[in-house]
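J.: predicted model and sequence follow; I will ask about them next.
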Amino acid sequence: MISIENTSIGFNTHLISANGICFEKGKVHALMGKNGIGKSAFLRTLSGLIHPLKGSIQIDGKEIMQYKGADLARKISFVNSVQQGVPYLTVDAFLLLARTNYTTIFGKYSDEDFACIREAKSKFKISHLSEKYTDELSSGELQLCAIAKAYVQGTDFILLDEPTSHLDYSNKRKVYELLVEIATNEDKGVLISTHDIDMAFKFPFEYCLLDSNTKEMRWIKSMEDIEIEFNT
Amino acid sequence: MKIVKSGPILFLIAILGIVFLFFFGLISGDVNTSFSDAYNGLFHYSNDDINQVIIREIRFPRNVMAIVAGAGLSVAGMLMQTLFQNPLAGPYVLGINSGSSLLVALGILSGVGFFSTELGLIGSALLGAFVFGLFILFTSSFIKSQISLLLFGVMLGSFVTSIIAILEVTSHAESLKAFTLWSMGSLQGVSTHQIPIIVTVFIIGCVLSFLIVKPLNVLALGEEECRLMGYNIQTLRISIIFVTALFAGTITAYCGPIAFVGLAIPNLTRMLFRTQNHFVLTTANIIFGALFLLTCDILIVQVSGFLIVPINALTSLIGAPFVIYILIRKVR
């Protein structure tokens, strides 16, 4: 469980505060809010890329700042909203990099690592891309691969910053369905930020609004709660 | 993928090539010697036989140096290219060699006794490389464009060249000669008794490079991914600069600045093996870097009867067109 108390979040300057917010395993949580309200900053804070400005963020009862880098990388994976393909890096090699923390000193992969990426590839239906170079993929394909890579990392929590921004309609649905499936069947906590509000409300997510009036995060239940935010 | 699968064969051919060229380089040259001269020269040395002296004191260190310099500079170039995510990076273009040159020039031309010793020379070359490496690293946090960073390296080089030019004017003839010879770049300046220390430093550098292949693999995805995998990016960056300086500094201390090897070979190996696996790339750079410079040097020896070609001229002749090719193909 990720629990957040009296926390102020932002890139150097305060953007949004969160108090008494908990993210549980087994559920998909959708963060919603206007551009620039602090969704990315929030996800980056949870992933350890930036520090909270003040307050307490605990992951499974331990302060995020107390985690060693590699230990945090076993708890939390993060997918950036923008992905960049790398020349001469195949999709397989790209996915395997998520297993880095489980390999020997020279980075030799085990059969388990290969089994792991095979499973992820069939889940996300990207097996046909295995041997393709990441810089030759379309942005949608690359985004799917990046989500698969976060899954391969085998963490309790998966954070995704606008994971569906480059995906077509059917892939969006597929990713949302998969995230729900992964969360419930494998007891993982999933956090996404999204602007696809209409579609998000069709899935059994928990919805969290980053309110632009109060600069505070709060849980919401239905589409109506969000309309005030986006109609003003 | 075909080439990747034939990787081991490529390695084998390259290694056989190195062994062949190494022995060929031992027995052929201005004075023709036999294979038994080479054998005796290396294992049952007597300094009465002029052929054995030539082999042991001239050709052997020169060949070893070609292997070490080729391999070391190539690995250093690979490290720089991964660190800056820039296919045109390398110890020479980024001005890391200039750091060595500057401190060596200050040492030799100032005529302070300590710097003329071997330890002083290596020490100042290493220090210069490391400090300039850190300087480039620091600058890279402000200069995001790949080309701009290279231009910065080139400017750094020009700046150092002019400082050295001023130093040269004011220095003694003796030290000026010593420095000029050094700055032309040559594999001939090394003598046999220096080989153990050079090889030791080289092996240390190789071991250190292999120890960081895992973070290097992740670094290919970018610094943020590296931090997300739990690596301390600052420690990693400084380690990379340190290993680069170890290679570039030592080699520059003994051979003078050698251009383009560190730029061309890492790109060549990436194209050949089509991978971002740094275990494979490091191995490939060691082997193909050694093969490349050894080939260059033996070519130079073979034509030396009628044409004296400085090693830098040959590496630049091959390297510069290669850089232009990469510029056209790849750089953002």
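T.: Now that the structure is in, tell me what you want to look at.
J.: now do the same for the residue lying closest to B:Leu228 once chain neighbours are set aside: its pLDDT.
T.: Excluding the flanking residues, the one nearest B:Leu228 by C-beta to C-beta, 6 or more residues apart in numbering or on different chains is A:Phe78, at 5.5 Å. No exception for glycine: its C-beta is placed from N, CA and C like everyone else's. A:Phe78 carries a pLDDT value of 97.
J.: list the helices and strands the helix or strand that A:Phe78 is a member of packs on?
T.: Using DSSP states H and E, the element containing A:Phe78 is strand A:76-79. On a contact count with 3 or more C-beta pairs under 8 Å, 6 or more residues apart in numbering or on different chains; DSSP states H and E, strand A:76-79 meets helix A:39-46, helix A:139-152, strand A:157-161.
J.: leaving out chain neighbours, which residue sits closest to the closest residue to chain A within the stretch 201-332 of chain B?
T.: Of all residues in the stretch 201-332 of chain B, B:Gly230 sits closest to chain A, at 3.1 Å by C-beta to the nearest C-beta. In this structure, B:Gly230 finds its nearest non-sequential neighbour in A:Gly69, 3.1 Å apart by C-beta to C-beta, 6+ apart.
J.: go on, B:Val213?
T.: Nearest non-adjacent residue to B:Val213 (C-beta to C-beta, 6+ apart): B:His278, at 4.2 Å.
J.: how about the residue of the stretch 201-332 of chain B closest to chain A, what does it touch?
T.: Contact analysis of B:Gly230 by C-beta atoms under 8 Å, 6 or more residues apart in numbering or on different chains lists A:Lys68, A:Gly69, A:Ala70, A:Asp71, A:Leu72, A:Ala73, A:Asn101.
J.: up against chain B, what does chain A have?
T.: With C-beta under 8 Å from any C-beta of the partner chain as the criterion, chain A meets chain B at residues A:47-49, A:68-73, A:77-78, A:80, A:84, A:86-89, A:93-94, A:97, A:100-101, A:103, A:105-107, A:131, A:133.
J.: now intersect those residues with the helices, please.
T.: Under the assignment DSSP state H, the residues of chain A next to chain B contribute A:Gly69, A:Ala70, A:Asp71, A:Leu72, A:Ala73, A:Ala93, A:Phe94 to helices.
J.: and the furthest pair within these?
T.: Spanning the widest gap among those are A:Asp71 and A:Ala93, at 24.6 Å by C-beta to C-beta.
J.: low-confidence regions, the stretch 1-150 of chain B specifically.
T.: Applying pLDDT under 70 to the stretch 1-150 of chain B flags residues B:1-5, B:111-116.
J.: who's in contact with B:Leu109?
T.: Contacts of B:Leu109 (C-beta under 8 Å, 6+ apart): B:Ile164, B:Leu167, B:Glu168, B:Thr170, B:Ser171, B:Ser175, B:Leu176, B:Phe179.
J.: how close does the nearest residue to it once chain neighbours are set aside get to A:Lys75?
T.: Leaving aside its sequence neighbours, B:Leu109 sits nearest to B:Ser171 (C-beta to C-beta, 6+ apart; 4.1 Å). Distance of B:Ser171 to A:Lys75, computed by C-beta to C-beta, to the nearest Å: 61 Å.
J.: and the host helix or strand of B:Phe210 with chain A, contact?
T.: Using DSSP H and E, B:Phe210 falls within helix B:195-211. Yes - Helix B:195-211 reaches chain A (C-beta under 8 Å from any C-beta) through B:Phe210, B:Leu211.
J.: ok, which stretches of chain A are strands?
T.: Assigned by DSSP state E, the strands in chain A fall at A:2-9, A:16-18, A:21-23, A:28-32, A:54-59, A:62-63, A:76-79, A:157-161, A:189-193, A:206-211, A:216-220.
J.: in stretch A:74-94, which residues are buried?
T.: The neighbour-count check on stretch A:74-94 (16 or more other C-beta atoms under 10 Å in any protein chain shown) flags A:74-81, A:83, A:85-86, A:88-94 as buried.
J.: mind listing what A:Gln84 touches?
T.: B:Gly222.
J.: what about it, distance to A:Ala146?
T.: 10 Å.
J.: mind listing what's buried in the helix holding B:Phe210?
T.: B:Ile195, B:Ile198, B:Val201, B:Phe202, B:Gly205, B:Cys206, B:Leu208, B:Ser209, B:Phe210.
J.: ok, now stretch B:187-195?
T.: B:Leu187, B:Gln188, B:Gly189, B:Val190, B:Gln194, B:Ile195.
J.: with stretch B:289-299 instead?
T.: In stretch B:289-299, counting by 16+ other C-beta under 10 Å, buried: B:Gly289, B:Ala290, B:Leu291, B:Phe292, B:Leu293, B:Leu294, B:Thr295, B:Cys296, B:Asp297, B:Ile298.
J.: just the element for the third one, please.
T.: Read that as B:Leu291. Counting by DSSP H and E, B:Leu291 is part of helix B:278-303.
J.: about what we covered before: next step: the contacts of B:Leu109 restricted to helices.
T.: Among these, the members falling in helices (DSSP H) are B:Ile164, B:Leu167, B:Glu168, B:Ser175, B:Leu176, B:Phe179.
J.: these two touch, right, B:Leu272 and B:Leu10?
T.: Yes - B:Leu272 lies in contact with B:Leu10 (C-beta atoms under 8 Å); the separation is 6.9 Å.
J.: that older thread, can you show me the CA trace of the following helix or strand past the helix holding B:Phe210 as CSV?
T.: Sequence order places helix B:213-219 as the next helix or strand after helix B:195-211, per DSSP H and E. Taking Å, rounded to 0.1, in the frame of the first residue of the first chain, the C-alpha atoms of helix B:213-219 are listed here in CSV:
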residue,chain,number,x,y,z
VAL,B,213,28.1,-3.1,-18.4
LYS,B,214,24.8,-3.5,-16.6
PRO,B,215,24.2,0.2,-15.8
LEU,B,216,25.6,1.0,-19.3
ASN,B,217,22.9,-1.2,-20.8
VAL,B,218,20.2,0.7,-18.9
LEU,B,219,21.9,4.1,-19.6
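J.: got the contact list for helix B:213-219?
T.: Applying C-beta under 8 Å, 6+ apart, the set of residues contacting helix B:213-219 is A:97, A:100, A:103, A:105-107, B:79, B:82-83, B:225-226, B:229, B:231, B:236, B:240, B:276-279, B:282.
J.: I'd like to know which of these are buried.
T.: Buried among the contacts of helix B:213-219 by 16+ other C-beta under 10 Å: A:97, A:100, A:103, A:107, B:79, B:82-83, B:225-226, B:229, B:231, B:236, B:240, B:276-279, B:282.
J.: now the helices: where do they sit in the stretch 51-200 of chain B?
T.: B:60-84, B:96-110, B:113-116, B:118-140, B:146-169, B:173-183, B:195-211 (DSSP state H, counting those that start in this stretch).
J.: deepest of these, which one?
T.: helix B:60-84 (a mean of 27; mean count of other C-beta atoms under 10 Å in any protein chain shown).
J.: who in chain B is up against chain A?
T.: Residues of chain B lying near chain A (C-beta under 8 Å from any C-beta): B:1, B:210-211, B:213-214, B:217-218, B:220-222, B:224-225, B:227-232, B:270, B:274-279, B:330.
J.: change it to 6 Å
T.: B:213-214, B:217-218, B:220, B:228-230, B:270, B:274-276, B:279 (C-beta under 6 Å from any C-beta of the partner chain).
J.: residue in chain A nearest to chain B?
T.: A:Gly69 (3.1 Å).
J.: quick one: low-confidence parts of chain A?
T.: A:232.
J.: for the closest residue to B:Val261 other than its chain neighbours, give me its contacts.
T.: Nearest non-adjacent residue to B:Val261, counting by C-beta to C-beta, 6+ apart: B:Leu73, 4.4 Å away. By C-beta atoms under 6 Å, 6 or more residues apart in numbering or on different chains, the contact set of B:Leu73 is B:Ile251, B:Val261, B:Gly262.
J.: the first one sits in which helix or strand?
T.: B:Ile251 belongs to helix B:233-255 when elements are defined using DSSP H and E.
J.: so B:Cys125 touches B:Ile251, yeah?
T.: Slight slip there: residue B:125 is Ala, not Cys. No - using C-beta atoms under 6 Å as the test, B:Ala125 is too far from B:Ile251 to be in contact (8.6 Å).
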